[in-house]
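J.: Output the structure for:
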Amino acid sequence: MKKSILSFLIFFSIINFAQKNNADKLISRIKDKINKVDNYSSEVEISVKMDFLKMPKSKAEVFFKKPDKFKLHSEKFAILPRAGIDFNPQKILDNDFTSELIGDTLIDNKKLSVIKITPNVDSIKFKSAKLVIDPTEFLIVKIILSTEQNANITTNFLYSDQKEFALPSEIKIILDFSQIEEDEKNPKRGKTIPSNFKGAITINYSNYKVNQGIDDSIFIDEKEEENDNSKNKK
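T.: Predicted structure coming up:
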């Protein structure tokens with residue numbers, strides 16, 4: 001009996017190790033793709049659907065440069081959801097976390113791997129995340145993120161001609177804050193957001209220019225530029 005229990009524990013440990021090892025390998029291959037991108041620019045069209053916020057489709061241009069420079073530029077004045085547009089999976093993948101391959105799922109008749117990641121440090125802003133990954137092309141298809149306050153954020157990725165760099169042609173972010181827990185330190189939401197708040201942000205990317213170089217001046221804030229010009233005049 002003792003030998004049977006010991007054998008089971010050894011077998012269980014081997015399975016767990018293999019699952020973690022496979023998860024780490026998949027994540028490593030995805031990061032290799034993302035790391036190929038030193039800079040890029042793209043035209044974007046943003047659609048926001050929220051019951052309490054009416055917003056027409058907006059067009060803009062985005063610029064990115066390693067390690068974390070990001071600029072959103074629109075000719076027309078628009079309140080654009082920057083947090084969604086500059087979403088970068090590497091912001092999650094570069095954190096200290098434990099990963100585990102927990103199974104497979106089918107999307108569009110394609111078998112995809114599901115990896116659960118759990119933060120190892122308190123400074124990370126999410127409680128857990130599930131990554132749905134294409135194990136043959138090493139692309140993230142979906143991220144399901146749960147915060148400590150029980151907000152759920154699901155991000156779906158579509159790809160076309162920039163798969164080599166893991167740059168999406170479309171991102172759809174589904175927001176669900178209806179189950180957020182409220183306390184004194186974490187107020188549930190602002191007065192303008194309804195208690196059952198749900199919404200979606202869809203960003204379509206086109207005309208990518210990847211690794212063609214971007215001058216640092218692109219990332220200077222317009223207000224900062226105006227202040228610098230006024231100082232020079234003095």
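J.: So Asn207 sits against Ser42, correct?
T.: Yes - between Asn207 and Ser42 there is a contact under CB atoms under 8 Å: 6.4 Å. Every C-beta, even on glycine, is put in place using the N, C-alpha and C of the backbone.
J.: Between the two, which is the more surrounded one?
T.: When neighbours are counted by other CB atoms under 10 Å, Asn207 and Ser42 differ, and Ser42 comes out ahead with 22 against 9.
J.: hang on, the more buried one packs against Tyr208?
T.: Yes - using CB under 8 Å as the test, Ser42 is close enough to Tyr208 to be in contact (4.8 Å).
J.: Can you pull the residues that touch both of the two?
T.: Leu167 (CB atoms under 8 Å, 6 or more residues apart in numbering).
J.: Which stretches in the protein count as strands?
T.: Assigned by DSSP state E, the strands in the chain fall at 39-50, 58-65, 69-73, 97-107, 110-119, 126-134, 139-147, 152-158, 170-176, 198-210.
J.: Let's have the ones you listed in JSON lines, adding mean pLDDT and distance to Asp216.
T.: Formatted as JSON lines, those follow (pLDDT from 0 to 100; distance: least, CB to CB, whole Å):
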{"stretch": "strand 39-50", "mean pLDDT": "91", "distance to Asp216": "10"}
{"stretch": "strand 58-65", "mean pLDDT": "91", "distance to Asp216": "7"}
{"stretch": "strand 69-73", "mean pLDDT": "87", "distance to Asp216": "8"}
{"stretch": "strand 97-107", "mean pLDDT": "89", "distance to Asp216": "32"}
{"stretch": "strand 110-119", "mean pLDDT": "91", "distance to Asp216": "32"}
{"stretch": "strand 126-134", "mean pLDDT": "88", "distance to Asp216": "31"}
{"stretch": "strand 139-147", "mean pLDDT": "90", "distance to Asp216": "29"}
{"stretch": "strand 152-158", "mean pLDDT": "91", "distance to Asp216": "28"}
{"stretch": "strand 170-176", "mean pLDDT": "90", "distance to Asp216": "26"}
{"stretch": "strand 198-210", "mean pLDDT": "92", "distance to Asp216": "16"}
